[in-house]
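*Asks:* could you look at this predicted model? Sequence included:
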Amino acid sequence: MAYQNITGSLSPEDMQQIKAALQTIQKKLPFLITLSTEERRKLFKMGDKSLAFVNNSITAAQSNPDILPASFDIQEFVRDYQLAATLTELLIALRQLSEQVDDTLLAVGSEAISSSLTVYDYVKTAAKKTPGLKSLAEQLGDRFKAIRSKPVKPASDS
């Protein structure tokens, strides 16, 4: 869906309520952890196919508990699966929200930059005839200095 110019705002009270809601979500998930990159790399990843495999394994374990060692906790296995399924559902909803926030930020940021470029063009033009605007034009132009100062690589023949 193409979007129109975004007009919206969040009051400080709205932001406070949103942050409080996020804190409530975190409090409802006290078991959440943070893994290092190395820890993430070493762990099995459970996608859709693995979810079905685990579900079938639970059925096998519950139907044949005598083939498992006594130390194997079938109920903990079931709880892990149920939590994984629930967190998967939650993650999908959070990703959708995150994508919407990200897309909206990208669009509204683009709108702001576009308007800023328009203002900059007018300030540059007006600075030629209006006293006191030259330093403002230079200040606004600082945003582009790093871009212009980068050497341009020549095109390769290969």
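*Replies:* Sure thing, it's come through. Residues are numbered from 1 along each chain as shown.
*Asks:* residues near residue 87, how many?
*Replies:* 14 (other Cβ atoms under 10 Å). In short, each C-beta sits where N, CA and C put it, glycine included.
*Asks:* that one in helix, strand or coil?
*Replies:* Three-state call for residue 87 (DSSP: H, G, I helix; E, B strand; the rest coil): helix.
*Asks:* contact partners for residue 50?
*Replies:* residue 44 (Cβ atoms under 8 Å, 6 or more residues apart in numbering).
*Asks:* at 10 Å instead, please
*Replies:* 44, 84 (Cβ atoms under 10 Å, 6 or more residues apart in numbering).
*Asks:* and it, how far from residue 56?
*Replies:* 11 Å (Cβ to Cβ, to the nearest Å).
*Asks:* swap in residue 135?
*Replies:* Taken as Cβ to Cβ, the span from residue 135 to residue 56 is 71 Å.
*Asks:* just want the most central residue of this structure.
*Replies:* The residue lying closest to the centre of the chain (Cα atoms, centre = their mean) is residue 98, at 5.2 Å.
*Asks:* residues contacting the closest residue to residue 74 other than its chain neighbours?
*Replies:* With sequence-adjacent residues excluded and distances taken as Cβ to Cβ, 6 or more residues apart in numbering, residue 74 is closest to residue 61, at 5.2 Å. Each residue near residue 61 by Cβ under 10 Å, 6+ apart is listed here: 67, 68, 72, 74, 77, 78.
*Asks:* I'd like the residues you listed as JSON lines, with pLDDT, secondary structure and neighbour count appended.
*Replies:* Below are the contacts of residue 61 laid out as JSON lines (pLDDT from 0 to 100; DSSP: H, G, I helix; E, B strand; the rest coil; neighbours: other Cβ atoms under 10 Å):
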{"residue": "67", "pLDDT": "97", "secondary structure": "helix", "neighbour count": "9"}
{"residue": "68", "pLDDT": "97", "secondary structure": "coil", "neighbour count": "13"}
{"residue": "72", "pLDDT": "97", "secondary structure": "coil", "neighbour count": "11"}
{"residue": "74", "pLDDT": "97", "secondary structure": "helix", "neighbour count": "12"}
{"residue": "77", "pLDDT": "97", "secondary structure": "helix", "neighbour count": "16"}
{"residue": "78", "pLDDT": "97", "secondary structure": "helix", "neighbour count": "14"}
